[in-house]
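**Student:** quick one: sequence and predicted model below, then my questions.
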Amino acid sequence: MSKYDELRAAFSSYRDAEIQFVQENQALALLIVHGLRDYLEMPKSFRRKEGSTTYDQSYTPFFSVDEDGNTEEESFFEDALSHLTDGSFKFAFGVILERAEGDLPKKNLILNVECMRRGDKVNVDVSGRALEVTFDGKNCPEIDSVHEMIFSQVMEWLQHRPGDGHGFSKIGFVVR
């Protein structure tokens, strides 16, 4: 075996680990977002009309986050996740809020998520609040704790009133 063949084998192994890392990050993101939707017992989607086109809009859409913290809704959740070689990944997601089912206007409360993975431990930071959870690449036994943390954050935010000085940026939420 040549030295270059050794490099190829090492590169192949590296790429396999990278692919597995990305797939596991995607699985955790789905556990957080779709699991939250199930935890809250919210509908999956609603009919939305844009011009002459009608489509189903998720109540928990995914957003990518750029270097400046700006968010952009993504059609495919995989496009929303940014994976970094330091073991972290980030994305944002929305929680569509409405007064009653089918009511307009709907508001999209966007939360930023940053996860730092170290072995089977993951620090999950959602808009400035964090929990350390166990994640084996597929399952996260403490995921309900993450959902409860998100729920309490949103409820706390909804207790504020305009002019009380809480501000969106202080707690990492954006409302559209």
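**Tutor:** Sure thing, it's come through.
**Student:** nearest residue to residue 111 in space, please, no chain neighbours.
**Tutor:** Nearest non-adjacent residue to residue 111, counting by Cβ to Cβ, 6 or more residues apart in numbering: residue 127, 4.8 Å away. All C-beta spots, glycine's among them, are computed from the backbone N, C-alpha and C.
**Student:** number of nearby residues for the one you found?
**Tutor:** Neighbour count for residue 127, taken as other Cβ atoms under 10 Å: 23.
**Student:** pretty sure it is in contact with residue 152, am I right?
**Tutor:** No. Judged on Cβ atoms under 8 Å, residue 127 makes no contact with residue 152 at a distance of 11.7 Å.
**Student:** and the strands in this structure, which stretches?
**Tutor:** Secondary structure of the chain by DSSP state E: the strands cover 45-50, 53-58, 62-65, 71-73, 82-83, 88-97, 107-118, 121-126, 129-134, 173-175.
**Student:** paired strands for the fourth one, with orientation please.
**Tutor:** Pointing back at strand 71-73 there. Strand 71-73 pairs in its sheet with strand 62-65 (antiparallel), by DSSP bridges.
**Student:** for the longest helix that the chain contains, packing partners?
**Tutor:** The residue-count maximum for a helix in the chain (DSSP state H) belongs to helix 3-40. Under the contact criterion of 3 or more Cβ pairs under 8 Å, 6 or more residues apart in numbering; DSSP states H and E, helix 3-40 touches helix 77-80, strand 82-83, strand 88-97, strand 107-118, strand 121-126, helix 143-159.
**Student:** many thanks, I have nothing further to ask.
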